[in-house]
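Visitor: need coordinates for the below:
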Amino acid sequence: MEYTTTVVLPVAVTAAAEMPDDVRGENALAVVLPVAAAAANLATAFVVSAVASASETTTDNTQVHKDVGGDDSIGVQHFDTVHQDQHQQGALESIMASTRVSLERATCIESLDQLITKLSTMSDRSSGISPGFDCIDNALPWNQIGVFPQYETLDSVNATRGIIPLPSPESALELFELIKFAWQTRLDYESCNTKENYCSCIGNWRPNQNVLKQICNQVLEQVMAREASAALNQTPDITRMWNEAYSHDTCPQPDTMDCLYIDSLIRLLTNETYLDSYIQAALAATSTIDVSICYLFYTDPQAKYILLDLLPYVAARGVKVRVLFELAILESQCLQMPLDTSSIDREAPLHLPEGSPPYVRGAKQFRSATELVREFFNLTSGMNIEARYWFARDKACGYRIKNHGKCHIFDGNSKNGKVIAGGSNVAPRPGSLDTDFVIQGEIAGMYSAYFDSMWTAMTPNDGGLAGSVSENEEKKECEDEQLFIACNKGQWESVMEPDTITGHKSKILFLPSTPSSSGEDVILRCVLGAINSASESIYMCMGHFNVSEAVSQAFKQATDRGVKVYVISNSFHSCDLRTGQLDLIRSLKRMLTVAPKVQLFVAAVKDGKVPPFLHSKYLVVDSRWACSGSWNMWMRSAFYEMEAEVFVQSESFAADLEEKFTREREQFCIPVKTVDECNQFLPKGCAICEGFGPFFDV
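Guide: So this is what the prediction gives:
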């Protein structure tokens, strides 16, 4: 069933300048919105591209957009070289797998040099199925994606099943040179007497962390986003224009969108209940399971169990399983394969509910996420499971777009479909603080429709295969004899949950985002609308965070109205990603300058205890409205990272989040009341924590 409604949203005249004539109004934007399972992307309803024209031009007014898809002969030549690229990729992966790079202080540089030498002596260093993290100057035949017209993709990335597309050896060589420089900086820090001269990205890490491994992660994270950041740095006056695009009158308040919310059930999950709920939902599925994954942790027993034991078992029973991996993350994790982590990898024990499919294949030890995905491909070959990679770049500027939206959809086209989503990837990481939930009802159809659009976008030739899955689709036979016997016995039916979950009856809106060089973040726009509507209280916790000027001003106006605003923020004590820390602390200082009545709490060492990894992402307004999902309130969500969020009208769900906020604030956070107090968390600045774009430069 499909419902539509017309919604009128106020839009500034200047912000509407780039809109089509049929939807642009002088003072308002009126659109007809699909609000049930057929909705492919609600984000298009609120697109306000105030900076679109500026972001397509560099400082010297030269066009950044690349038009490289017009010559058919180029495409033919490219596909003729795919086999050659696969051969070269095999050589690169062989070097990655056969080389051990020490993570010990005394031998790390020497062993890394050996890897660099192997890469530098390869006969052909320029070939790779994936162009790597830098795509702006790539001259391969990119195709515009029909369902995401702001993006382009390469058909070759998903042309051959079972292949993990890797970048060229030349790209790998450059990355390892950067890692070597960062490692050498850390070694210099350890041996010097003036440690205060070094950035906290180099010096301040948890006692139980391998610092060299962590620094390697930080370098790769920075490299993945550097082209997007560089494109923003080249755009004149982007900070002012972007903030003005999120003015008060362009941000719809929740009551203006009430007709878009759908009655569904929702329940907050904990680290202890997540896997049980996942197993129950998977075993209850009768038609489809769709999974969107960003990060994959090869030492996480829950993730390995889901991918290698649970999903294959369910697929063998006839359920169609589709898995969408974020390719940039797999590439970065493959490039870390040579790191010798044998002395630091420790897997947490796995406790399954009684009657679950056993932990067998997932119990295998892996050296990298690449090995885990390879095992997944080998196991599921010939089964009712298909995998694809999300791989796209911004059409206007050419930098890669990352899919950060994580979700697990069970029978999404059924009115009783379920979704498990939130901040976790495949499953919560042991010892982390995250926010995940299970929802059931018609809202699952909106998740399913969005997943279909992403799946179709990654189909070679843009639509050669159907995106959705019919319940009557012919099922593949299970070629795994052990699974086949187990399925026929039906011995794990006992842990199937009832048709209806135990949860809060709520009104829910699912909203994905499609970031691009236009800078439109529809989730932020709606969050700002909720902040502007607050009359009593705001609770916000963000794992990755920076406070834009628009948010600071909204907080000021809220506190001036008498609204109590409480914010939990990360710091280098509680965050595994240092690339946003400089922007974060600078923005918090600005927030406390603009809105000094905001009550800020920072996860930090408290009573001698180091806080856990803070990855939660949620906001509660007036104890009645909440949002949660994969979305981080930072600039990457507007320009670089696709997200998936739910907005929930429910006093009971809001109460659960407020209770979580209060508990974690008291256990792990300290109050930070002044701008000067923020300085204890401010990095000195280095290549690792270099800001994303110019938004918080000083």
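Visitor: where does the protein have low pLDDT?
Guide: Where the chain drops to pLDDT under 70, the residues are 1-89, 343-345, 462-500.
Visitor: name the residue closest to the centre of it, please.
Guide: The chain has H404 as the residue nearest its centroid, 1.8 Å off, counting by CA atoms, centre = their mean.
Visitor: do I have it right that that one meets W634?
Guide: No: at 11.0 Å, H404 and W634 do not qualify as touching, with contact defined as CB atoms under 8 Å. Heads up, the C-betas are built off the backbone N, CA and C, glycines and all.
Visitor: that older thread, pull up the gap between the residue nearest to the centre of the chain and P252, please.
Guide: Distance from H404 to P252, counting by CB to CB, to the nearest Å: 23 Å.
Visitor: quick one: the helices in the stretch 551-698 of the chain?
Guide: In the stretch 551-698 of the chain, the helices defined using DSSP state H, counting those that start in this stretch lie at 581-594, 636-639, 651-668, 675-678.
Visitor: need these in TSV (columns: mean neighbour count).
Guide: Compiled in TSV, the helices of the stretch 551-698 of the chain are given as follows (neighbours: other CB atoms under 10 Å):
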stretch	mean neighbour count
helix 581-594	23
helix 636-639	26
helix 651-668	17
helix 675-678	16
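Visitor: out of the ones you listed, nearest to P236?
Guide: Put simply, out of the helices of the stretch 551-698 of the chain the one that sits nearest P236 is helix 636-639, at 15.7 Å, with distance taken as CB to CB.
Visitor: would you confirm that L166 contacts E93?
Guide: Yes: counting by CB under 8 Å, L166 does reach E93; the two are 6.3 Å apart.
Visitor: so what's in contact with these two at the same time?
Guide: Counting by CB atoms under 8 Å, 6 or more residues apart in numbering, the common neighbours of L166 and E93 are C334.
Visitor: which one's more surrounded, those two?
Guide: Just comparing L166 and E93: by other CB atoms under 10 Å the higher neighbour count belongs to L166, 26 against 16.
Visitor: can you give me the distance of that one to S130?
Guide: Distance, L166 to S130, using CB to CB: 6 Å.
Visitor: what residues are shared contacts of those two?
Guide: Taking CB under 8 Å, 6+ apart as the criterion, L166 and S130 both touch E331.
Visitor: just the strands in the stretch 251-400 of the chain please.
Guide: For the stretch 251-400 of the chain, the strands identified by DSSP state E, counting those that start in this stretch occupy 262-269, 288-293, 320-326, 385-390, 392-394, 400-403, in order along the chain.
Visitor: tilt between the fourth one and strand 320-326?
Guide: Okay, so that is strand 385-390. Relative orientation of strand 385-390 with respect to strand 320-326: 20 degrees, computed using axes from the mean of the first three to the mean of the last three CA atoms, to 10 degrees.
Visitor: got the buried residues for stretch 386-402?
Guide: By neighbour count on 16 or more other CB atoms under 10 Å, the buried set for stretch 386-402 is 386-402.
Visitor: how about it as CSV, C-alpha atoms only?
Guide: As requested, the backbone C-alpha atoms of stretch 386-402 are provided in CSV (Å, rounded to 0.1, in the frame of the first residue of the first chain):
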residue,chain,number,x,y,z
GLU,A,386,24.1,-12.2,-2.8
ALA,A,387,26.5,-9.5,-2.0
ARG,A,388,27.4,-6.1,-3.6
TYR,A,389,29.5,-3.1,-2.8
TRP,A,390,28.5,0.4,-2.4
PHE,A,391,30.8,2.5,-4.6
ALA,A,392,29.9,6.0,-5.7
ARG,A,393,31.4,9.4,-6.2
ASP,A,394,29.9,12.9,-6.2
LYS,A,395,28.8,13.7,-9.7
ALA,A,396,29.7,17.4,-9.4
CYS,A,397,33.1,17.3,-7.7
GLY,A,398,34.2,13.7,-8.2
TYR,A,399,35.1,12.6,-4.6
ARG,A,400,33.9,9.3,-3.2
ILE,A,401,30.6,9.1,-1.2
LYS,A,402,30.6,6.7,1.7
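Visitor: distance between it and the chain's centre?
Guide: Average the C-alpha atoms of stretch 386-402, do the same for its chain, and the two points are 13 Å apart (CA atoms, centre = their mean, to the nearest Å).
Visitor: any idea how far the residue nearest to the centre of the chain is from T117?
Guide: Here H404 is placed at a distance of 35 Å from T117 (CB to CB).
Visitor: do K597 as well
Guide: Distance check for K597 against T117: by CB to CB, it reads 58 Å.
Visitor: list the beta-bridge partners for the closest residue to L509 other than its chain neighbours.
Guide: Spatial nearest neighbour of L509, excluding adjacent residues (CB to CB, 6 or more residues apart in numbering): F647 at 4.4 Å. Here F647 sits in beta bridges with L509, C627, going by DSSP bridges.
Visitor: list the contacts for F647?
Guide: P254, Y261, I508, L509, L511, C526, A530, W625, A626, C627.
Visitor: now flag whichever of the residues you listed is closest to V675.
Guide: A530 (26.4 Å).
Visitor: the closest one contacts Q253, correct?
Guide: Yes: here A530 lies in contact with Q253, judged by CB under 8 Å, at a distance of 6.8 Å.
Visitor: how about stretch 512-530: buried residues?
Guide: Within stretch 512-530, the residues that qualify as buried are 512-530, counting by 16+ other CB under 10 Å.
Visitor: return the subset of those residues lying in helices.
Guide: Of the buried residues of stretch 512-530, the ones assigned to helices by DSSP state H are V522, I523, L524, R525, C526, V527, L528, G529, A530.
Visitor: list the contacts for the second one?
Guide: With CB under 8 Å, 6+ apart as the criterion, the residues that contact I523 are L511, S513, C627, W631, S637, E643, E645.
Visitor: mind redoing it with 10 Å?
Guide: When contacts are counted by CB atoms under 10 Å, 6 or more residues apart in numbering, I523 touches 43, 46, 511-513, 515, 627, 629-633, 637-638, 643-645, 647.
Visitor: then the last one?
Guide: When contacts are counted by CB under 10 Å, 6+ apart, A530 touches 251-255, 538, 554, 619-622, 625-627, 647.
Visitor: what about the closest residue in space to I279 that isn't next to it in sequence? Give its phi and psi, please.
Guide: Closest residue in space to I279, ignoring its immediate chain neighbours: S356 at 5.2 Å, by CB to CB, 6+ apart. Dihedral pair for S356: phi -80, psi 150, per degrees, to the nearest 10.
Visitor: and for S356, the neighbour number?
Guide: 21.
Visitor: surely it meets Y313?
Guide: Yes: in this structure, S356 is within contact of Y313 by CB atoms under 10 Å, at 9.5 Å.
Visitor: element containing the residue of the chain most remote from its centre, please.
Guide: Most distant from the centre of the chain: N193, at 39.3 Å, with distances by CA atoms, centre = their mean. N193 is part of no helix or strand when elements are defined by DSSP states H and E.
Visitor: list the contacts of it.
Guide: Neighbours of N193 in contact, by CB under 10 Å, 6+ apart: none.
Visitor: okay, it and C199: tell me how far apart.
Guide: Computed with CB to CB, the distance linking N193 and C199 is 17 Å.
Visitor: ok so, going back, identify the residues contacting the residue nearest to the centre of the chain.
Guide: For H404, the contacting residues are 292, 294-295, 326, 329, 390, 425, 513, 515, 544, 630-632, 636-637, 640-644, taking CB under 10 Å, 6+ apart as the criterion.
Visitor: excluding its backbone neighbours, what's nearest it?
Guide: Counting by CB to CB, 6+ apart, H404 lies nearest to E641, which is 4.2 Å off, once chain neighbours are set aside.
Visitor: E221 now?
Guide: Once flanking residues are discounted, E221 sits nearest to T579: 5.0 Å by CB to CB, 6+ apart.
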